[in-house]
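In: Let's see this in three dimensions:
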Amino acid sequence: MLKGSLIHPDIMAALSLCGHGDKVLIADGNYPLASKTGDAADLVYLGLTPGSPTVTDVLAAIKSVIEIEKTQVMDPGDGTTPEIFGEFRQMLGGTEMEVIGRYDFYDACCEPAVRLAISTGEKRTYANILLTVGVA
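Out: Next up is the predicted model:
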């Protein structure tokens, strides 16, 4: 029996193949998953209804089964800080969170180290987070 709150078989299978330094993208419902992820990434579309599941729902489940070394998020570029960044920081404690420009974020999500990309039903904008897998 699995321990933790993650039970999605495709996500568990992809995470089981990840090692230290591999990356996982959790994207909002607006993110262009098919065109802004690399060929090495397994794509999982979880969006069931607008708003469900949220990026933070998926983050909580993934966090229950892997160590997260650092994260990257997309800078809106207008001087504002999306409210969800505070939620990410609260959920991840002292984990490093790097804010990078939109196109740098897209480039980072297309790197071969991105092994899993998950699209959610999240409606909040800039609610995308790129996780780096840590050491267990």
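In: C-alpha from now on. contacts and neighbour counts both.
Out: OK.
In: How about the secondary structure of the most centrally placed residue in the chain?
Out: Taking CA atoms, centre = their mean, the centroid of the chain lies closest to residue 26, which sits 2.5 Å from it. Using DSSP: H, G, I helix; E, B strand; the rest coil, the three-state assignment for residue 26 comes out as strand.
In: Which of the helices or strands spans the closest residue to it other than its chain neighbours?
Out: On the basis of CA to CA, 6 or more residues apart in numbering, the spatially nearest residue to residue 26 that is not a chain neighbour turns out to be residue 118, at 4.9 Å. Under the criterion DSSP states H and E, the helix or strand holding residue 118 is strand 114-119.
In: So which bits of that strand are buried?
Out: Using 16 or more other CA atoms under 10 Å as the burial criterion, the residues of strand 114-119 that qualify are 114-119.
In: Dump stretch 3-22 to CSV, keeping only the CA atoms.
Out: Backbone C-alpha positions of stretch 3-22 (Å, rounded to 0.1, in the frame of the first residue of the first chain) are rendered in CSV as follows:
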residue,chain,number,x,y,z
LYS,A,3,2.1,5.9,2.0
GLY,A,4,1.5,9.6,1.4
SER,A,5,-1.3,11.4,-0.3
LEU,A,6,-0.3,10.8,-3.9
ILE,A,7,-2.2,8.0,-5.6
HIS,A,8,-2.2,9.0,-9.3
PRO,A,9,-0.5,6.1,-11.1
ASP,A,10,1.1,8.0,-14.0
ILE,A,11,2.5,10.7,-11.7
MET,A,12,3.9,8.1,-9.3
ALA,A,13,5.5,6.2,-12.2
ALA,A,14,7.1,9.3,-13.5
LEU,A,15,8.4,10.4,-10.1
SER,A,16,9.8,6.9,-9.4
LEU,A,17,12.1,7.5,-12.4
CYS,A,18,13.3,10.9,-11.2
GLY,A,19,16.7,11.3,-9.5
HIS,A,20,18.5,14.2,-7.8
GLY,A,21,18.4,17.2,-10.0
ASP,A,22,15.5,16.1,-12.2
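In: now what about that stretch, what contacts it?
Out: The set of residues that contact stretch 3-22 without belonging to it, under CA atoms under 8 Å, 6 or more residues apart in numbering, is 42, 44, 61-62, 64-66, 113-116, 132-135.
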